[in-house]
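[1] generate a structure from the sequence data that follows.
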Amino acid sequence: MDMNPIIFSIPLFFFLIGIELLVDNIRKTGLYRLNDAITNINAGSSQQVFGIIVKLGFYELVYHNFAFFQIEYSLWSFVILFILYDLCYYWAHRVSHEINLLWSGHVVHHQSEEYNLSVALRQSWLQSLFTFWLYIPLALLGFDTFMLAWVSALNLTYQFWIHTELVNKMGVLEYVLNTPSHHRVHHGRNPKYIDKNYAGVFIVWDMLFGTFKWEEERPVYGITKPLNSWNPIWANFSNFYTIYEQLKTTPKWSDKLKVLFYKPGWRPAEQGGMMPIPDVSREAYQKYDIQVPFVVNTYAFFQYILITAGVLAFMLQYAQMAMPEKLTAAGLIMWAVLHNGALFERKSWVYYADYLRMILSILFIAYTTQGLAFSFYLNVLLSAVLFISFVWLYSSRNAFLEKPEMSLSEA
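    Next up is the predicted model:
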């Protein structure tokens with residue numbers, strides 16, 4: 001199918017984030033930081049772009065050539081697929097935590113040290129490449145790609161709302177459904193919360209398979225080895241580098257394989273055995289941050305709005321684009337996302353490179369929309385955006401000439 005069903009959920013996602021931001025502002029709970037939230041959403045946006053470009057269609061290939069049955073469309077077939085998909089999701093999620101190589105494709109989702117609805121959108125570029133095979137049984141049973149795409153979108157949409165601290169325990173529903181309380185446990189880096197509550201929609205899978213944990217105190221969020229960066233490329237590949245460094249110091253080939261396929265943190269006994277999980281508390285834990293002037297933050301937010309608009313346009317139009325245009329558009333979006341993170345780190349190179357990025361992006365949009373009825377008005381708008389961006393960026397120049405200092409903010 002040409003239309004990505006998750007597009008229909010995007011307005012709901014941003015509406016709920018707006019509501020949570022409003023409540024957060026009224027209650028002064030400090031759930032959001034601009035740099036963290038924008039990095040989260042940009043990670044999700046670039047994941048959608050990456051997923052479109054590398055889409056393999058393996059599920060559809062298996063369905064058309066090897067399915068044992070042909071499941072007809074009906075309410076019950078969708079309900080059954082929804083339940084079976086969630087079971088497959090549980091196992092895909094579980095192996096993504098318990099196998100080090102697969103953890104490299106999932107760790108991005110856990111890197112944020114906050115817990116709010118923007119975290120739900122923080123997704124890895126590579127996870128689907130590592131876990132797609134766990135959904136192949138659904139193709140063999142005869143559920144076609146259309147049904148899978150919509151059930152997958154419903155499952156993902158359900159999981160969005162459970163990424164919040166504003167909803168407490170929900171009574172009897174806690175025994176059946178995955179709730180904010182259960183999922184807070186899953187995102188905790190406290191030793192007792194590690195590798196618990198893998199469920200997507202139904203928490204019963206964790207109760208059945210021995211991975212369930214009730215929420216006690218509110219967790220400290222993030223990963224045991226903090227990322228300490230707003231760079232989306234480093235976010236997606238940092239654990240691969242960690243594995244590479246460990247493989248260099250692991251002499252035996254049998255142990256090298258264990259580094260790849262055992263739990264994250266596994267080491268041979270002669271190197272100290274399993275790495276201990278450090279204990280943490282909300283009172284003492286300090287989050288990664290970099291002090292950024294207001295003018296840079298507002299410029300980064302403006303560019304983030306442009307990136308989000310570009311990603312949405314790409315998702316709506318990619319089926320009509322030629323492959324060179326798809327690749328160019330995807331590359332420009334990835335470049336913009338990289339720059340957005342660099343702005344929050346006040347990298348000096350981004351000040352100069354962003355002028356070039358904006359010029360090339362606007363020239364590409366103008367080229368691909370030439371001949372359309374609204375192209376003249378779009379070009380006027382793009383020229384205004386370019387002028388505003390240049391003035392805004394130039395006014396921020398002093399912020400990039402001074403060396404930024406890392407700041408650790410209290411949890």
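[2] the helices in the stretch 201-350 of the chain, which residues?
    204-209, 232-248, 253-261, 294-317, 323-344, 348-368 (DSSP state H, counting those that start in this stretch).
[3] please save the CA atoms from the third one in CSV.
    The C-alpha trace of helix 253-261 is given here as CSV (Å, rounded to 0.1, in the frame of the first residue of the first chain):
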residue,chain,number,x,y,z
TRP,A,253,36.1,-16.3,19.0
SER,A,254,33.5,-18.1,21.2
ASP,A,255,33.5,-15.2,23.6
LYS,A,256,33.2,-12.7,20.7
LEU,A,257,30.0,-14.4,19.6
LYS,A,258,28.7,-14.2,23.2
VAL,A,259,29.4,-10.5,23.2
LEU,A,260,27.1,-10.2,20.2
PHE,A,261,24.3,-12.6,21.2
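[4] hey, where'd the strands end up in the stretch 151-300 of the chain?
    286-290 (DSSP state E, counting those that start in this stretch).
[5] most packed of the helices of the stretch 201-350 of the chain?
    helix 323-344 (a mean of 19; mean count of other CB atoms under 10 Å). Yep, even glycine has a C-beta here, placed from its N, CA and C like the rest.
[6] what is the distance between that one and the centre of its chain?
    16 Å (CA atoms, centre = their mean, to the nearest Å).
[7] which residues touch the helix or strand where residue 78 lies?
    Secondary structure assigned from DSSP states H and E places residue 78 in helix 75-98. Where contact means CB atoms under 8 Å, 6 or more residues apart in numbering, the residues beyond helix 75-98 that reach it are 71, 102-103, 105-106, 127, 130-131, 134-135, 137-138, 141, 143, 147-148, 150-152, 154-155, 195, 198-202, 205-206, 209, 211, 263-264.
[8] list only buried entries from these.
    71, 102-103, 105-106, 127, 130-131, 134-135, 138, 143, 147-148, 150-152, 154-155, 198-202, 205-206, 211, 264 (16 or more other CB atoms under 10 Å).
[9] rounded mean pLDDT for the very next helix or strand once past the helix holding residue 78, please.
    As assigned by DSSP H and E, the chain's next helix or strand after helix 75-98 is helix 100-103. If you average the pLDDT over helix 100-103, you get 96.
[10] distance between helix 100-103 and the chain's centre?
    16 Å.
[11] who's in contact with it?
    Residues contacting helix 100-103 (CB under 8 Å, 6+ apart): 95-97, 130-131, 239, 243, 259-266.
[12] make a markdown table out of the helices of the stretch 201-350 of the chain and add mean pLDDT and distance to residue 275.
    Shown next, in a markdown table, are these (pLDDT from 0 to 100; distance: least, CB to CB, whole Å):
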| stretch | mean pLDDT | distance to residue 275 |
| --- | --- | --- |
| helix 204-209 | 98 | 24 |
| helix 232-248 | 94 | 10 |
| helix 253-261 | 96 | 12 |
| helix 294-317 | 89 | 35 |
| helix 323-344 | 91 | 28 |
| helix 348-368 | 91 | 34 |
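[13] mean confidence score for whichever strand or helix holds residue 18?
    Element membership of residue 18, judged by DSSP H and E, is helix 10-27. The pLDDT scores in helix 10-27 average 93.
[14] stretch 65-84 now?
    Computed over stretch 65-84, the average pLDDT equals 94.
[15] now do the buried residues in the helix holding residue 18.
    Here helix 10-27 shows 10, 13, 16-17, 20-21, 24 as buried, counting by 16+ other CB under 10 Å.
[16] which secondary structure elements does it contact?
    helix 117-120, helix 145-160 (3 or more CB pairs under 8 Å, 6 or more residues apart in numbering; DSSP states H and E).
[17] lowest average pLDDT across those helices?
    For the helices and strands packed on helix 10-27, the weakest mean pLDDT is recorded on helix 145-160, namely a mean of 92.
[18] what about the closest residue in space to residue 137 that isn't next to it in sequence, how many neighbours?
    In space, residue 137 comes closest to residue 88 once its chain neighbours are excluded; the distance is 7.0 Å by CB to CB, 6 or more residues apart in numbering. Other residues lying near residue 88 total 18 when counted by other CB atoms under 10 Å.
[19] on that earlier part again, distance to residue 376 for the helices of the stretch 201-350 of the chain - can I get that in JSON lines?
    Listed next are the helices of the stretch 201-350 of the chain as JSON lines, based on distance: least, CB to CB, whole Å:
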{"stretch": "helix 204-209", "distance to residue 376": "55"}
{"stretch": "helix 232-248", "distance to residue 376": "34"}
{"stretch": "helix 253-261", "distance to residue 376": "55"}
{"stretch": "helix 294-317", "distance to residue 376": "18"}
{"stretch": "helix 323-344", "distance to residue 376": "21"}
{"stretch": "helix 348-368", "distance to residue 376": "10"}
